[in-house]
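Enquirer: predicted structure and sequence below. I'll ask about it afterward.
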Amino acid sequence: MTPSDDVLGQVDALFRERVAARTAPSSVWGVFDRTGLVASGGHGDRGDGRSPDADTVYRIASCTKSITAATLLTLVAEGRVTLDTPITDLVPAFAAVELPSDDAPVPTLRMLLTMSGGLPTDDPWADRQEAITDDDLDRVLRGGLLFDSVPGTRFAYSNTGYALLGRAVAAVAGTSFTRAAHERVLGPLGLDDTVFRTEDARGYVVTGFRDDDGSWTPQPMTGPGAFSAIGGLFSTVGDLARWARHLASAWTTEPEPGPLSPADRRLAQQAARVVPPSVVPSSTRATAYGFGLFVEQDAESGELVSHSGGYPGFSAHVRWSTETGLGVVAFENATRAKVSAPAERALDLLLADARRRAAASDTAAPPTGAPLGRVPGVERTRAAVRAAQVGVTEVLRTWQAADADAAARGDVLAAQLCAPNVPMDLPWEQRRRRVAEAVARVGADLHADAVHEHAATPSSLRWWLPGTAGRLRVDVALAPPSDGLVQTFTVTAEPAES
């Protein structure tokens, strides 16, 4: 479903205001869905007197990490290495690193991919290391490393870990990391505007700046080196949206073909390591890390996948919904601009708009395939929970008659609808009494249509009925057997605020 002009106008305003507030000299954004880039815009001066567009080249910094992870996964798929290979097998200099305890394991590729190698967060330091040589990195390793935790036990965002993954890719592929990334991922997908060297860029390359007390100071570009795997790529809104769309397509029944299987793309976008709230204090969503990607759990939209990038002079962010395929990519050319903030707000606006419009019409799935969650077996579950909703509604209406015969009929209906645990957990008589109290408390109309619904999973459903003094919330969840019996059945009064 193409976003409405109104919400796209709101998205554009978010980034226009960034330039007006002097957050960065330029700001560019794009919105994509399963069919491709559907809208984009740019503000400010990219350096030649023009506003940036979807083909303008910015450094994407740590948004590179998903490409690094994908490049490694192609080698795993070929059986040339495993995710549980210790890094010492591929980077011998790491053997000189003293581990934090006698029983600590050597970090594996999986640990490094999921930011659980035990190494400290290192953004400011690592951002200045990109151009160092492999010999320089080996000298760092032989001098020893600090650890914040035992490898494999906790999340800590580590660029050094991804630099080690770049070395691992080079060792297994028998070529440089940058060449392996191009030959295995970027080239096959036609991401020709995504490069490690400015001289290879086809579009206009934006200069990055630092705000020095009101004066924009240009920042030098660093060339490829031992830390390129952490954030060395340059790209465009068009190319990064193309990459994100490719990843998101793995969650559909018709995933795009590519160098990485749909299953491996889904693996990269799944929560592998919990991110502590202290790491993302401003987030209102539970957050985890997959392979080169953050995964957030949204109460309304399900999984949101994202990654930010920050380098001296640049800020980048890309995020998308696995369920809808809607996403946003945005770049700015200022140190610590945190373009993630307007990008997150933009996607929230787009998803809210999509929910409103979907509720008002029965829009068919896009030609690129329905969401993976709409496969036949899952659709049968959704149909069963809808049938349960009808049954529970009939039980509630029958009980409301408040006479002995109606109570008995309602109990029979409920027994047919529910698994045996339901009356064992709370007998029908007590359940009827609590339902009657909840209905009376908010003056609920059990014959009215639901005013809102929410399904956290295909096998559960929550809906609200209107009342004169609030709303009545009804929750049902199905038991696993295929007969679709209800295992959870609760009714809760939600009085209106006075």
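Expert: Looks like it came in fine.

Enquirer: rest of the way, CA atoms for contacts and neighbours
Expert: OK.

Enquirer: what about residue 188, neighbour count?
Expert: Other residues within reach of residue 188, judged by other C-alpha atoms under 10 Å, total 12.

Enquirer: what of residue 80?
Expert: For residue 80, the number of neighbouring residues by other C-alpha under 10 Å comes to 11.

Enquirer: check contacts around it.
Expert: Residue 80 is in contact with residue 172, counting by C-alpha atoms under 8 Å, 6 or more residues apart in numbering.

Enquirer: for residue 74, see how far away it is.
Expert: When distance is defined by C-alpha to C-alpha, to the nearest Å, residue 80 is 9 Å away from residue 74.

Enquirer: and the residue nearest the centre of the chain?
Expert: Within the chain, the residue whose C-alpha comes closest to the C-alpha centroid is residue 305; the distance, by C-alpha atoms, centre = their mean, is 1.3 Å.

Enquirer: what's the distance between that one and residue 351?
Expert: Taking C-alpha to C-alpha as the criterion, residue 305 is separated from residue 351 by 14 Å.

Enquirer: ok, residue 81 next?
Expert: From residue 81 over to residue 351 (counting by C-alpha to C-alpha), the distance is 39 Å.

Enquirer: residues making contact with stretch 282-301?
Expert: Judged by C-alpha under 8 Å, 6+ apart, the contacts made with stretch 282-301 from elsewhere in the structure are 65-69, 113-115, 267-277, 303-307, 321, 323, 351, 454, 456.

Enquirer: filter the residues you listed down to the buried ones.
Expert: Of all the contacts of stretch 282-301 considered here, the ones buried according to neighbour count by 16 or more other C-alpha atoms under 10 Å are 65-69, 113-115, 268-275, 303-307, 321, 323, 351.

Enquirer: what's around residue 416, how many residues?
Expert: 13.

Enquirer: I should have written residue 77 there, sorry.
Expert: Neighbour tally, residue 77, other C-alpha under 10 Å: 14.

Enquirer: among the buried ones among the contacts of stretch 282-301, name the ones in helices.
Expert: Residues of the buried ones among the contacts of stretch 282-301 located in helices (DSSP state H): 65-69, 113, 268, 351.

Enquirer: which stretches in the stretch 1-150 of the chain count as strands?
Expert: Chain-ordered strands for the stretch 1-150 of the chain, with DSSP state E, counting those that start in this stretch as the definition, fall at 26-33, 36-44, 58-59.

Enquirer: distance of residue 129 from residue 484?
Expert: For residue 129, the distance to residue 484 (C-alpha to C-alpha) stands at 57 Å.

Enquirer: likewise for residue 184?
Expert: For residue 184, the distance to residue 484 equals 46 Å [C-alpha to C-alpha].

Enquirer: ok, now residue 490?
Expert: Using C-alpha to C-alpha, residue 490 is found at 17 Å from residue 484.

Enquirer: what do you get for residue 34?
Expert: Remark: distance between residue 34 and residue 484 (C-alpha to C-alpha) = 33 Å.

Enquirer: could you do residue 115 as well?
Expert: In terms of C-alpha to C-alpha, residue 115 sits 40 Å off from residue 484.

Enquirer: ok, and what's touching the helix or strand hosting residue 407?
Expert: Per DSSP states H and E, residue 407 falls inside helix 404-417. Counting contacts by C-alpha under 8 Å, 6+ apart, the residues outside helix 404-417 that touch it are 388, 391-392, 395-396, 398-401, 423, 428, 432, 485-486.

Enquirer: same question, stretch 223-235
Expert: The set of residues external to stretch 223-235 that reach it, using C-alpha under 8 Å, 6+ apart, is 56-65, 68, 126, 129-134, 137, 159-160, 162-163, 165-167, 177-178, 193-198, 201, 309, 311.

Enquirer: dump the residue contacts of residue 202.
Expert: When contacts are counted by C-alpha under 8 Å, 6+ apart, residue 202 touches residue 193.

Enquirer: that one belongs to a helix, doesn't it?
Expert: No - according to DSSP: H, G, I helix; E, B strand; the rest coil, residue 202 belongs to no helix; its state is coil.

Enquirer: any idea of the pLDDT on residue 133?
Expert: You'll see residue 133 listed with a pLDDT of 97.

Enquirer: quick one, what contacts it?
Expert: For residue 133, the residues meeting the contact criterion (C-alpha under 8 Å, 6+ apart) are 225-226.

Enquirer: domain ranges for this structure?
Expert: Here the domain parsing of the chain from automatic domain parsing is 5-360, 375-495.

Enquirer: please identify the deepest-packed of those.
Expert: The densest packing among the domains of the chain, expressed as mean neighbour count by mean count of other C-alpha atoms under 10 Å, is seen in domain 5-360 with a mean of 20.

Enquirer: measure that one end to end?
Expert: Domain 5-360 end-to-end distance (C-alpha to C-alpha) = 17 Å.

Enquirer: all strands of the stretch 151-300 of the chain, in order?
Expert: Listed in chain order, the strands of the stretch 151-300 of the chain (DSSP E, counting those that start in this stretch) span 209-212, 215-218, 234-235, 273-274, 286-289, 294-298.

Enquirer: kindly reformat these as CSV containing distance to residue 249 and mean pLDDT.
Expert: Conversion of the strands of the stretch 151-300 of the chain to CSV gives the following (distance: least, C-alpha to C-alpha, whole Å; pLDDT from 0 to 100):
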stretch, distance to residue 249, mean pLDDT
strand 209-212, 35, 97
strand 215-218, 38, 97
strand 234-235, 20, 98
strand 273-274, 23, 96
strand 286-289, 19, 96
strand 294-298, 16, 96
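
Enquirer: residue 339: which of those is closest?
Expert: Judged by C-alpha to C-alpha, the one of the strands of the stretch 151-300 of the chain that comes nearest to residue 339 is strand 209-212, at 14.2 Å.

Enquirer: what about the closest one, distance to the chain center?
Expert: Between the mean C-alpha point of strand 209-212 and the mean C-alpha point of its chain there is a distance of 30 Å (C-alpha atoms, centre = their mean, to the nearest Å).

Enquirer: can you dump the C-alpha atoms of it in CSV for me?
Expert: The C-alpha atoms that make up strand 209-212 are tabulated as CSV, following Å, rounded to 0.1, in the frame of the first residue of the first chain:
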residue,chain,number,x,y,z
PHE,A,209,31.2,18.1,8.6
ARG,A,210,31.7,18.7,12.3
ASP,A,211,30.0,21.6,14.0
ASP,A,212,32.7,23.7,15.7
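
Enquirer: give me the contacts around that strand.
Expert: Outside strand 209-212, the residues that touch it by C-alpha under 8 Å, 6+ apart are 25, 216-219, 312-314, 333-335.

Enquirer: and of those, the nearest to residue 121?
Expert: residue 312 (16.9 Å).

Enquirer: that closest one reaches residue 332, doesn't it?
Expert: No - no contact is recorded between residue 312 and residue 332 when judged using C-alpha atoms under 8 Å, the distance being 11.4 Å.

Enquirer: cheers, nothing more for now.
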